[in-house]
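*Asks:* what's the 3D shape of this:
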Amino acid sequence: MANLRRQQYYYFFFLTIYILTGVGALILGNVWLSQSAAGGAPREAVISREIEQAGTIIGGVVVGTAVFGLVGGAAPIKLKVILTSFVFMLIGAMLAELGLGGVIWFKTLRMRSLYQSQWPTWPDTLKIAFQDMTSLTGYGQCCGYTQFTDVVLSGACADPNQQFDGCEEKVSAFADGYLRKLFTSLFGFTIVNVFLFVSAIILILIRNDEERYIRIRNKEGRTYTNVI
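*Replies:* Numbers count the residues shown, from 1 in each chain. Down below sits the predicted model:
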């Protein structure tokens, strides 16, 4: 029983981190979706609404499956079915996170061609946000995607006596930084899931040994009170 209790502590430690990743994804996804509805944020050019929705759904799935993990982990001997079901749900959550991370990573491989084709379709507010962006280190004022191409005549770009480079490099640098942080976080979540998965499997194995011990004790006529 002592081994089972000790393993439960490890299990709940990783389960807590798992829950926090889900809550974080859920909150961040909802914030981004609400900001996207307002429009004009440079992030909208990098992360599509579909990706934001997928991240929010995955966060909800993680939190939802964690309920099964909490219930099954609290009473692994009595509720083995729930604990085992959680393991399969955890595998599904890992695959979903890996899939979304893969989609985001793939976008980093074709950023220049992707955003060159998308720039003409962006609203002027989004183009202006990139043209006037000064928060990105090493990149100042720019106009259009490539020089003199689809320029929004606003601010410094409206001055005919001023000439600035296109925003291609700035857009690519902004997108690369954003996307790398995202898929790195998702793959980091997956590492947490792997530790939780291993911890859950060990808990099930110890639980099976404990159940066999209970059966032997019962056959010998000795009473055994099982509270978990």
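*Asks:* for the lowest-mean-pLDDT helix or strand in the chain, which helices and strands make contact with it?
*Replies:* Lowest mean confidence among the helices and strands of the chain (mean pLDDT, DSSP states H and E): helix 43-46, at a mean of 81. Counting contacts by 3 or more Cβ pairs under 8 Å, 6 or more residues apart in numbering; DSSP states H and E, helix 43-46 packs against helix 2-38, helix 124-131, helix 168-219. Using the backbone N, CA and C atoms, a C-beta is placed for each residue, glycine as well.
*Asks:* which residues sit against that helix?
*Replies:* 32, 35-36, 115, 118, 122, 126, 130, 171, 174-175, 178-179 (Cβ atoms under 8 Å, 6 or more residues apart in numbering).
*Asks:* checking residue 153 next. Helix, strand or coil?
*Replies:* The local conformation at residue 153, judged by DSSP: H, G, I helix; E, B strand; the rest coil, is coil.
*Asks:* residue contacts, it?
*Replies:* Under the criterion of Cβ under 8 Å, 6+ apart, residue 153 has no neighbours.
*Asks:* if I look at it, how far off is residue 133?
*Replies:* Distance, residue 153 to residue 133, by Cβ to Cβ, to the nearest Å: 17 Å.
*Asks:* poorly predicted segments of the chain, please.
*Replies:* For the chain, applying pLDDT under 70 flags the ranges 1, 37-40, 220-228.
*Asks:* for the most centrally placed residue in it, what are its contacts?
*Replies:* By Cα atoms, centre = their mean, the mean C-alpha position of the chain lies nearest to residue 186, the distance being 4.2 Å. By Cβ under 8 Å, 6+ apart, the residues touching residue 186 are 97-98, 100-101, 104.
*Asks:* now do 7 Å
*Replies:* Counting by Cβ atoms under 7 Å, 6 or more residues apart in numbering, residue 186 touches 97, 100-101.
*Asks:* for these, pick the one with the most neighbours.
*Replies:* residue 97 (27 neighbours; other Cβ atoms under 10 Å).
*Asks:* is it true that it touches residue 189?
*Replies:* Yes. With contact defined as Cβ atoms under 7 Å, residue 97 counts as touching residue 189 (5.3 Å).
*Asks:* list buried residues within the contacts of helix 43-46.
*Replies:* 32, 36, 115, 122, 126, 130, 171, 174-175, 178-179 (16 or more other Cβ atoms under 10 Å).
*Asks:* may I see the residues you listed arranged in CSV, with distance to residue 198 as well?
*Replies:* Converted to CSV, those look like this (distance: Cβ to Cβ, whole Å):
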residue, distance to residue 198
32, 32
36, 37
115, 40
122, 45
126, 44
130, 44
171, 41
174, 37
175, 35
178, 32
179, 29
